[in-house]
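J.: Sharing a model that was predicted from the sequence below.
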Amino acid sequence: MSAFDNAMTQLGLAAEKLGLKESDILKLREPNKVYEFDIPVQIDDGYEKIFNGYRVQFNNARGPYKGGIRYHPQVDLDEMKALAFWMAIKTAVVNIPMGGGKGGVSVDPKKLSKSELEKLSRGWVQKMAEHIGPRKDVPAPDVNTTPQIMAWMSDEYAKLTNDSSGATFTGKPLDKGGSEGRESATGQGGFYCLDEITKRLSMNPSQTCIIIHGFGNVGFHFARLVHDAGYKIVGLSDSKGGIYNADGLDVDDVMRVKKDKGSVINYEAEKIGGSAILEKQCDILVPAALENVITKDNADKIKAKVVLEMANGPTTPEADKILRDKGVYVVPDVLANAGGVTVSYFEWQQNLASEHWSESDVLAKLEPIMRKSFNAVWKAHEEHNIDLRTAAFMLAVKRIVSAMK
Ligand code: NAD
């Protein structure tokens, strides 16, 4: 099944529990707008290459469309629709006044030079400028898009529209209107969820082993926070493979090796395949890379008691069922990784009000939102005797349907 099929299955489960009318379900299944466009880029050695660009504006009943821009060879319309839908659910789970959107380019950015990457990023904005804006659609970073890319995009938007508020793109560098705490926000939000669930399951940090699949922006910041809080990180992986050490890994040391030598696999530890690491012994498994990594083929082999989804869409509905039957708690992406969009919302608020908040102010606002959202999801899970994903979807769908009306 495709990522969008998976998303629609998840919606179906929540809609059934809510007893939603067919007409409401149909409205929730359809994106409001889909943009697909060519982005011509002059390659350094002279010729012009065309890339496929996308933006899906799924639902804006609760506020402007909000969601990242992904640069990856796997980007296609189905993936964009799934990710945009999940953004609408996510902003509703944490109850911030924004909707859901997602964009991207089908490209391997590692094969582009810096100047080609800049041209591609500015090209995306040239095609989308009239359809985005502080009150319409506010993009952000996602896989392989960085604060620097957001700075180019924000600058191009300002040139084309004369709007220099900076409030159209979030995840910008600090000196270009970015927010304190944005880079680590997704990891930070996941950390609050981890703290909530381990308390409920009486798991002691020093005796809790964690494996993190994906060691980019989200995986690294999450790893650093849990390492500092005394949890033991026994496994880490990136696109080249994974490493495992039952006695624990030093996150900063691994990151230093990854920066110097390109991958975690160059670190001195037992080497293990990128997907095999999902099946190694641990208490908490944290997918933090891409979609569909926990499927019906490997769900049964997962040993963790908790799966904390920092990536979007890492678990398929079939795998969800297998994990549920085994008694594994899955803290869903639409809750666990919502710290990023929440701080993006703070960045947007700061840009509109020409303010700059301190990191402690940002964290003081983020923490209660994440803990309150976790509590609300947990309460619905207990009240209705359902898994945490369906509980989160029920809360969100109720809010979106009420706003649509
Ligand atoms: P990133 O580009 O910084 O990092 C992605 C990481 O995944 C890299 O370490 C890469 O090597 C690894 N990876 C890629 N393919 C892999 C594979 N097959 N096996 C193992 N690792 C693999 O991206 P990111 O911003 O950290 O995003 C990661 C996930 O988190 C995505 O699903 C994204 O949608 C989600 N997310 C990101 C944010 C954010 O603020 N950046 C917010 C919410 C959710």
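T.: Yes, it's here. Numbering: from 1, shown residues only.

J.: give me every residue that touches residue 278.
T.: By Cβ atoms under 8 Å, 6 or more residues apart in numbering, the contact set of residue 278 is 211, 213, 285, 287, 293, 294, 298, 301, 302. Every C-beta, even on glycine, is put in place using the N, C-alpha and C of the backbone.

J.: swap that for residue 337, sorry
T.: Applying Cβ under 8 Å, 6+ apart, the residues near residue 337 are 90, 186, 189, 190, 218, 309, 310, 311, 312.

J.: restrict those to those near the ligand?
T.: Checking those against the ligand by Cβ under 6 Å from any ligand atom, the ones in range are 186, 218, 310, 311, 312.

J.: Give me the next element, helix or strand, following the host helix or strand of residue 24.
T.: Assigned by DSSP states H and E, residue 24 belongs to helix 22-29. Note on helix 22-29: by DSSP H and E, the next helix or strand toward the C-terminus is strand 33-42.

J.: which other helices and strands contact the helix or strand just after that next one?
T.: Sequence-wise, the next helix or strand downstream of strand 33-42 (DSSP H and E) is strand 48-59. When contacts are defined as 3 or more Cβ pairs under 8 Å, 6 or more residues apart in numbering; DSSP states H and E, strand 48-59 packs onto strand 33-42, strand 65-72, helix 77-93, strand 100-106, helix 114-128, strand 137-141.

J.: Note down every partner strand of strand 48-59 and its orientation.
T.: strand 33-42 (antiparallel), strand 100-106 (antiparallel) (DSSP bridges).

J.: Give the buried residues for that strand.
T.: Of the residues in strand 48-59, 51, 53, 54, 55, 56, 57, 58, 59 count as buried by neighbour count, 16 or more other Cβ atoms under 10 Å.

J.: before we move on, the earlier item: highest average neighbour count across the strands paired with strand 48-59?
T.: Across the strands paired with strand 48-59, averaging neighbours per residue (mean count of other Cβ atoms under 10 Å) puts strand 100-106 on top, at a mean of 28.

J.: coming back round to it: how about the strands paired with strand 48-59, which one is nearest the ligand?
T.: With Cβ to the nearest ligand atom as the criterion, the ligand lies closest to strand 100-106 of the strands paired with strand 48-59, at 8.7 Å.

J.: Quick one: mean pLDDT over that closest one.
T.: In this model, strand 100-106 has an average pLDDT of 98.

J.: Repeat that for stretch 385-401.
T.: 98.

J.: what would the buried residues of strand 48-59 look like in JSON lines with pLDDT and distance to residue 174?
T.: Output for the buried residues of strand 48-59, formatted as JSON lines (pLDDT from 0 to 100; distance: Cβ to Cβ, whole Å):
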{"residue": "51", "pLDDT": "98", "distance to residue 174": "29"}
{"residue": "53", "pLDDT": "98", "distance to residue 174": "27"}
{"residue": "54", "pLDDT": "98", "distance to residue 174": "29"}
{"residue": "55", "pLDDT": "98", "distance to residue 174": "26"}
{"residue": "56", "pLDDT": "98", "distance to residue 174": "29"}
{"residue": "57", "pLDDT": "98", "distance to residue 174": "28"}
{"residue": "58", "pLDDT": "98", "distance to residue 174": "30"}
{"residue": "59", "pLDDT": "98", "distance to residue 174": "31"}
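
J.: And the furthest pair within these?
T.: Within the buried residues of strand 48-59, two members stand farthest from each other by Cβ to Cβ: 51 and 59, at 26.6 Å.

J.: got the strands paired with strand 48-59 as CSV, with distance to the ligand columns?
T.: Shown next, in CSV, are the strands paired with strand 48-59 (distance: least, Cβ to the nearest ligand atom, whole Å):
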stretch, distance to the ligand
strand 33-42, 19
strand 100-106, 9
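
J.: Let's have the ones you listed in a markdown table, adding distance to residue 86.
T.: Compiled in a markdown table, the strands paired with strand 48-59 are given as follows (distance: least, Cβ to Cβ, whole Å):
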| stretch | distance to residue 86 |
| --- | --- |
| strand 33-42 | 16 |
| strand 100-106 | 7 |
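
J.: Residue 382: which of those is closest?
T.: Here strand 100-106 is closest among the strands paired with strand 48-59 (Cβ to Cβ), at 27.0 Å.

J.: Contacts for that closest one next, please.
T.: With contacts defined as Cβ under 8 Å, 6+ apart, strand 100-106 is touched by 39, 51-59, 65-76, 79-81, 83-91, 120, 124, 128, 137, 139, 142.

J.: Endpoints of stretch 236-251, how far apart?
T.: 9 Å (Cα to Cα, to the nearest Å).

J.: Now it: buried residues?
T.: 236, 237, 238, 241, 242, 243, 244, 245, 249, 251.

J.: Mind picking the one among the residues you listed that's closest to the ligand?
T.: Using Cβ to the nearest ligand atom, residue 238 is the member of the buried residues of stretch 236-251 that lies nearest the ligand, at 3.4 Å.

J.: Let me see the contact set for the closest one.
T.: 214, 215, 216, 258, 263, 264, 265, 274, 289.

J.: Would you format those as a markdown table with distance to residue 381 and pLDDT included?
T.: A markdown table is the format used below for the contacts of residue 238 (distance: Cβ to Cβ, whole Å; pLDDT from 0 to 100):
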| residue | distance to residue 381 | pLDDT |
| --- | --- | --- |
| 214 | 26 | 97 |
| 215 | 30 | 96 |
| 216 | 29 | 93 |
| 258 | 36 | 96 |
| 263 | 38 | 96 |
| 264 | 34 | 96 |
| 265 | 37 | 97 |
| 274 | 31 | 76 |
| 289 | 26 | 96 |
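
J.: thinking again about what came up before, and the contacts of residue 337, which of them are in strands?
T.: Among the contacts of residue 337, no member falls in strands (criterion: DSSP state E).

J.: Could I get the full set of strands for the stretch 201-350 of the chain?
T.: 209-213, 232-238, 241-244, 270-272, 284-287, 306-308, 329-331 (DSSP state E, counting those that start in this stretch).
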